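>>> Okay, structure incoming, though there's no sequence with it:
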């Protein structure tokens, strides 16, 4: 899920269309029809707070047998209200945090 652009009414993050005008970009949700001006300030997808901090999360894949390998990392945003445990873990380690769910097959 994209943390930068999603519909605040229905949560859609894929079925969106951008319309460029003289003031910026308007985004229209093709699922519910909501139209809004794009704001690239990240927000928490659970509580919609803008008190979020960038962090890196490991991308873990099953490589052979039961062995798991960190293939890369991705940028995520952690909310200081909803993700306080993961945020503290990231701030203390300063290395990519493990994903909430690991591959099992």
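All right, it came through fine. Everything numeric here is computed off the predicted structure, so don't read it as measured data.
>>> Next one: the residue located most distally from the centre of the chain relative to residue 81, how far apart?
No residue in the chain sits farther from the centre than residue 65, which is 29.7 Å out by CA atoms, centre = their mean. Counting by CB to CB, to the nearest Å, the gap from residue 65 to residue 81 is 39 Å. Quick note: C-beta positions are derived from backbone N, CA and C, even for glycine.
>>> for residue 51, same thing?
Taking CB to CB, one finds residue 51 at 6 Å from residue 81.
>>> And for residue 7, the neighbour number?
By other CB atoms under 10 Å, 21 other residues sit near residue 7.
>>> and it, what is it in contact with?
Each residue near residue 7 by CB atoms under 8 Å, 6 or more residues apart in numbering is listed here: 13, 16, 29, 31, 32, 34.
>>> Show me the domain layout of this structure.
Domain ranges of the chain: 1-40, 42-105, per automatic domain parsing.
>>> Mind listing the shared neighbours of residue 51 and residue 81?
Taking CB under 8 Å, 6+ apart as the criterion, residue 51 and residue 81 both touch residue 44.
>>> picking up where we left off before, name the member of the contacts of residue 7 with the most neighbours.
With neighbours taken as other CB under 10 Å, the top of these is residue 29, carrying 20 neighbours.
>>> Which of the three states applies to the nearest residue to that one once chain neighbours are set aside?
Ranked by CB to CB, 6 or more residues apart in numbering and with sequence neighbours excluded, the top spatial neighbour of residue 29 is residue 7, at 4.0 Å. What DSSP: H, G, I helix; E, B strand; the rest coil gives for residue 7 is coil.
>>> Also the one 10 residues further on?
The three-state label given to residue 17 by three-state DSSP is strand.
>>> ok, so what distance separates the nearest residue to it once chain neighbours are set aside from residue 19?
Closest residue to residue 17 apart from its sequence neighbours, by CB to CB, 6+ apart: residue 28 at 4.9 Å. For residue 28, the distance to residue 19 (CB to CB) stands at 6 Å.
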